[in-house]
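Asker: Only the shape, not the letters, is given here:
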């Protein structure tokens, strides 16, 4: 049996709390129950998350092999040299916050009572208009931990369905089974492994096409492809600002015309959605900024997979390897993501936060 939970935080922030939190429980699209509670202020979570971001930035500044680039005009003054301790503290404070008496009693207990079988499939949509909240390690929530077939998915509280080309005579859209792989700036990292894993697990199931270090125009042109694409995969360097917005993809290593923002390719993206695009995967650091920009622009896609923070190249490769393997086994997308993240738990000691 499959369930959907829409966990809406409403207006608020970590310093002031969220006074109107709702959880709507659905089954087969029909609302079964709706619960209301609140979450208290959690300034400790905000501070530890800031320190964790600083620690990640320090790691990628001092070591190669991270899927992020330092902006030439940026400055670095970071002394967060104990990432494991910081991340453990962040998880503890996050868990304490989500264990707040009212939230636990009025929402978590009710969900556990309604969904007594812990093997059920559960998609949990976290609705919030603050992208900082999406960056937090929600994986530590005890409910998610106990229900092994559940996953938390960031979502905007405001969205609209993009128009999509209708099928003709009941025939599938031409985009069905077509995947476009964009291989961007790979200086210092090995994105060839991403391409290899995509070919290995989905090459016999899908029509794959790769575009390596394209110009911005070449990138846009492919989005306007006559047949369309069902999925778009990007591997390479990326970046976003400190508020997880203004995402930037480094698509080649030329001196000029080497980056694209959502503004650069949003019209092509809209056309691709119209022709059947259903999934975007950005296997690059801080690509959450692209997702935040999609929300700001009001461009809705069924699924976007992004990285919350700077990640080592090795972790990025391991994630896509597991993700593509589970997708090839016909796992639902949300469960494939959950299982791929769980596979990374073995690396948490060496790379804190790798699995979240």
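Answerer: Arrived safely. Predicted model only: the values in this text are computed from it and were never measured.

Asker: how much space between residue 141 and residue 22?
Answerer: Counting by Cβ to Cβ, to the nearest Å, the separation of residue 141 from residue 22 is 16 Å. No exception for glycine: its C-beta is placed from N, CA and C like everyone else's.

Asker: Those two - which one has more neighbours?
Answerer: Taking other Cβ atoms under 10 Å, residue 141 and residue 22 do not tie; residue 141 has more neighbours (21 against 15).

Asker: Next one: the more buried one, what pLDDT does it get?
Answerer: We have a pLDDT of 97 for residue 141.

Asker: And residue 307, by the same measure?
Answerer: You'll see residue 307 listed with a pLDDT of 84.

Asker: what are the phi and psi values for it?
Answerer: Dihedral angles of residue 307 (phi, psi; degrees, to the nearest 10) stand at phi -100, psi 140.

Asker: Help me confirm that it comes into contact with residue 315.
Answerer: No. When contacts are counted by Cβ atoms under 8 Å, residue 307 is not listed as touching residue 315 (9.2 Å).

Asker: Do me a favour and average the pLDDT over the helix ranked longest in the chain.
Answerer: In the chain, with assignment by DSSP state H, the single longest helix is helix 43-62. Mean per-residue pLDDT for helix 43-62: 81.

Asker: Whichever helix or strand comes after that helix to helix 43-62, inter-axis angle?
Answerer: On the C-terminal side of helix 43-62, the closest following helix or strand by DSSP states H and E is helix 83-98. Here helix 83-98 runs at an angle of 150 degrees relative to helix 43-62 (axes from the mean of the first three to the mean of the last three Cα atoms, to 10 degrees).

Asker: So what pairs up with residue 27 in the strands?
Answerer: Counting by DSSP bridges, residue 27 is bridged to residue 30.

Asker: mind starting the numbering at 6 from now?
Answerer: With the count now opening at 6, the last piece we talked about shows up as residue 32.

Asker: Please report how far it lies from residue 127.
Answerer: Distance, residue 32 to residue 127, using Cβ to Cβ: 10 Å.

Asker: and if you look at residue 295?
Answerer: Between residue 295 and residue 127 the computed distance is 26 Å (Cβ to Cβ).

Asker: likewise residue 7?
Answerer: On the measure of Cβ to Cβ, residue 7 and residue 127 end up 8 Å apart.

Asker: Which one's more surrounded, these two?
Answerer: Shown here are residue 7 and residue 127; by other Cβ under 10 Å, residue 127 has more neighbours (24 against 14).

Asker: which strands and helices sit next to the helix or strand where that one lies?
Answerer: Using DSSP H and E, residue 127 maps to strand 126-132. For strand 126-132, the packing partners by 3 or more Cβ pairs under 8 Å, 6 or more residues apart in numbering; DSSP states H and E come out as strand 7-13, strand 155-160.

Asker: Touching both of residue 32 and residue 127, which residues are there?
Answerer: By Cβ atoms under 8 Å, 6 or more residues apart in numbering, residue 32 and residue 127 have these common neighbours: 7, 8, 9.

Asker: ok, of those, which one's closest to residue 285?
Answerer: residue 9 (21.0 Å; Cβ to Cβ).

Asker: confidence score at that closest one?
Answerer: So residue 9 comes in at 97 (pLDDT).

Asker: Who is residue 288 paired with across the strands?
Answerer: Under the criterion used (DSSP bridges), residue 288 bridges to residue 240.

Asker: Which residue lies closest in space to residue 19, excluding its sequence neighbours?
Answerer: Distance criterion Cβ to Cβ, 6 or more residues apart in numbering; nearest residue to residue 19, sequence neighbours excluded, is residue 51 at 4.1 Å.

Asker: Tell me who's in contact with that neighbour.
Answerer: Contact analysis of residue 51 by Cβ under 8 Å, 6+ apart lists 19, 20, 137.

Asker: Kindly report the same for residue 277.
Answerer: 180, 228, 229, 230, 233, 234, 237.

Asker: how far away is residue 182 from residue 226?
Answerer: In this view, residue 182 and residue 226 are 21 Å apart by Cβ to Cβ.

Asker: returning to what we had before: check the offset of the longest helix of the chain from the chain's centre.
Answerer: 19 Å (Cα atoms, centre = their mean, to the nearest Å).

Asker: And residue 297, what's its pLDDT?
Answerer: So, for residue 297, pLDDT stands at 82.

Asker: tell me the SS of it?
Answerer: helix (DSSP: H, G, I helix; E, B strand; the rest coil).

Asker: likewise residue 26?
Answerer: strand.

Asker: now the one 4 residues further on
Answerer: Assigned by three-state DSSP, the conformation of residue 30 is strand.

Asker: correct me, but it touches residue 12?
Answerer: No. Contact criterion Cβ under 8 Å: residue 30 and residue 12 do not qualify, at 10.0 Å.

Asker: Packing partners of the helix or strand hosting residue 206?
Answerer: Element membership for residue 206, per DSSP H and E: helix 197-207. Applying 3+ Cβ pairs under 8 Å, 6+ apart, we find helix 197-207 packed against strand 183-188, strand 212-217, strand 236-240, helix 318-333.

Asker: Need the mean per-residue confidence for it.
Answerer: On average, helix 197-207 scores 94.

Asker: Backbone dihedrals for residue 278, please?
Answerer: phi -60, psi -40.

Asker: Hmm, it is touching residue 180, no?
Answerer: No. Using Cβ under 8 Å, residue 278 makes no contact with residue 180, being 9.8 Å away.

Asker: What residues of stretch 16-25 count as buried?
Answerer: For stretch 16-25, the neighbour count (16 or more other Cβ atoms under 10 Å) marks 17, 18, 19, 22, 23 as buried.
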